[in-house]
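Student: quick one: sequence plus predicted model below, questions after.
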Amino acid sequence: MQRHALGMAHRLTADPSTVVDGSVASWHPDLEDRDAAAVSLLLAPLRQTIELSPPPKSRDDTNTASPRRFGRSIRGAVGVVSVVAFVIFVATRRTALVASLGRLGNPRWSWIPVAIALETASMVTFACMQRRLLSAGGNRVGNRPMVATTFAANALSVSVPVAGPELGAAFTFRRFKRQGADTSLAGWSLLVGGFVSAVGAILVLVAGGALSGNVLVTGVAVLVGLAGVAGVVAVRSALSRPALRSRLERPAVWIIGRTATLISHPIDDPHEAIRGCIRRVESLRLSRLEWLKLGALGLANWLADAGVLAVSLLAVGAPVPWHTVLLIYGFATVVGSVGITPGGIGLVEGALCLGLVRSGVPGGQALAAVLLYRLISFWLVTAVGWLVLLYLRLERPARAASIQGAIAS
């Protein structure tokens, strides 16, 4: 999902890093060339492995793009192998699958509304987090438009092969711009939202490792979290020191200029673009209380989604391994965020089934619970997202026609 920002590191869900151009803008009227270029210039250095438009035919550009094409080929090959392995697994476990589908057809229906409510809460908390980030820059957005943006961007992120996270981030960026945010605020909100969501995922892994007694997972998760926080603090400190900032400006200008050339959207003065962006970002300061609120929303987003897994187990009559469920969920989230398959299809199901079975859940019940969990947290949410996207697409012409009619009258 777009809110699962590990892949969307997704995860924006949810991955704020993106490489887009005019060809991607044609997917949706909310993605225009000018703003797509702005997203590219602001966020493309964070993700160099996806190429959505061919670079100019020069020797240097060809040499630069070759590793990216190779990485994309490897990613696609691993995705094909993963899907084939999942299909073989299903074919060899047909008996257990049939039994699981039988349990899925007769769940304890009283738990289904609870699971749907938890998944809705998960999406809404992510939308609230993004809304607070925009509010920090003086941009007030209503709850309904932000929730609509979250559902629609999530649908794009998990449905489109290879370019899904980038397209979802570009759509979110454009929606933020349409709702009054400037380029720096929109990009800052995407980046900080992804960071906060990633920290929330790490906290879930830390809690899962601690509850299960897995010292290795707990230690690794803590180290990764501390490294991420230290990196953000270091960058923030560097930006506040003029001497160090001037040293960092030169490589940043080179990266931005190179990126602009690769995506065929050159800019006149990269120095001024970077200085303006830095000045705007420096003005966006959050209090400690606000950071705590954002962290709580980011953590609640993950915990609510993990709750859907626990409720799915209860719905099929399976025992819930409370001491390991967070660890299993966190591991499956990390696997799915790699981006090998859209929305982690096949990978998330396999990781969850393996973890639940190893925790003592019978195979048939584990598979039934995982299928129910994915039906609610992935397929249902994605379907709602596409309906919202369709509504947003139809709303623009209807609103334009009503405005023209009012002017004519």
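Tutor: Arrived safely.
Student: what is the helix or strand containing residue 217 packed up against?
Tutor: Element membership for residue 217, per DSSP states H and E: helix 215-239. Judged by 3 or more C-beta pairs under 8 Å, 6 or more residues apart in numbering; DSSP states H and E, helix 215-239 is in contact with helix 183-212, helix 242-262, helix 270-282, helix 325-336. Heads up, the C-betas are built off the backbone N, CA and C, glycines and all.
Student: looking only at pLDDT, what's the mean for the last one?
Tutor: The one in question is helix 325-336. In this model, helix 325-336 carries a mean pLDDT of 91.
Student: list the contacts of it.
Tutor: Here helix 325-336 makes contact (C-beta atoms under 8 Å, 6 or more residues apart in numbering) with 4, 6-7, 201, 204-205, 207-209, 211-212, 214, 217, 221, 302, 305-306, 309-310, 313, 321, 343-344, 347-348, 351-352, 355-356, 359.
Student: how close does residue 303 get to residue 341?
Tutor: Distance, residue 303 to residue 341, by C-beta to C-beta, to the nearest Å: 25 Å.
Student: what's the PyMOL line that selects buried ones from the contacts of helix 325-336?
Tutor: This is how PyMOL selects the buried members of the contacts of helix 325-336, with burial counted by 16 or more other C-beta atoms under 10 Å:
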select buried, resi 4+6+7+201+204+205+207+208+209+212+214+217+221+302+305+306+309+310+313+321+343+344+347+348+351+352+355+356+359
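Student: and residue 304, what is it in contact with?
Tutor: By C-beta under 8 Å, 6+ apart, the contact set of residue 304 is 118-119, 121-122, 125.
Student: now those in JSON lines, please, with extra columns for distance to residue 332 and secondary structure.
Tutor: Compiled in JSON lines, these are given as follows (distance: C-beta to C-beta, whole Å; DSSP: H, G, I helix; E, B strand; the rest coil):
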{"residue": "118", "distance to residue 332": "17", "secondary structure": "helix"}
{"residue": "119", "distance to residue 332": "15", "secondary structure": "helix"}
{"residue": "121", "distance to residue 332": "20", "secondary structure": "helix"}
{"residue": "122", "distance to residue 332": "15", "secondary structure": "helix"}
{"residue": "125", "distance to residue 332": "20", "secondary structure": "helix"}
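Student: what is the nearest of the residues you listed to residue 385?
Tutor: Nearest to residue 385 among the contacts of residue 304: residue 119, at 12.1 Å, using C-beta to C-beta.
Student: I'd say the closest one and residue 376 touch.
Tutor: Yes. Using C-beta atoms under 8 Å, residue 119 makes contact with residue 376 at a distance of 5.4 Å.
Student: list residues touching both of these two?
Tutor: Counting by C-beta under 8 Å, 6+ apart, the common neighbours of residue 119 and residue 376 are residue 308.
Student: check what pLDDT residue 41 gets.
Tutor: Residue 41 is given a pLDDT of 44.
Student: can you check the one 4 residues further on too?
Tutor: pLDDT, the model's per-residue confidence, is 39 for residue 45.
Student: isn't residue 196 up against residue 292?
Tutor: No. Contact status for residue 196 versus residue 292: not in contact, 10.8 Å apart, counting by C-beta under 8 Å.
Student: the more surrounded of those two?
Tutor: Higher neighbour count among residue 196 and residue 292: residue 196, with 24 against 11, using other C-beta atoms under 10 Å.
Student: what segments of the chain are strands?
Tutor: Applying DSSP state E to the chain gives no strands.
Student: low pLDDT regions in it?
Tutor: 1-106, 162, 235-236, 238-284, 396-409 (pLDDT under 70).
Student: now do the contacts for the closest residue to residue 112 other than its chain neighbours.
Tutor: The shortest distance from residue 112 to any residue other than its chain neighbours is 6.3 Å, reached at residue 315 (C-beta to C-beta, 6 or more residues apart in numbering). Each residue near residue 315 by C-beta under 8 Å, 6+ apart is listed here: 107-109, 111-112, 115, 369, 372.
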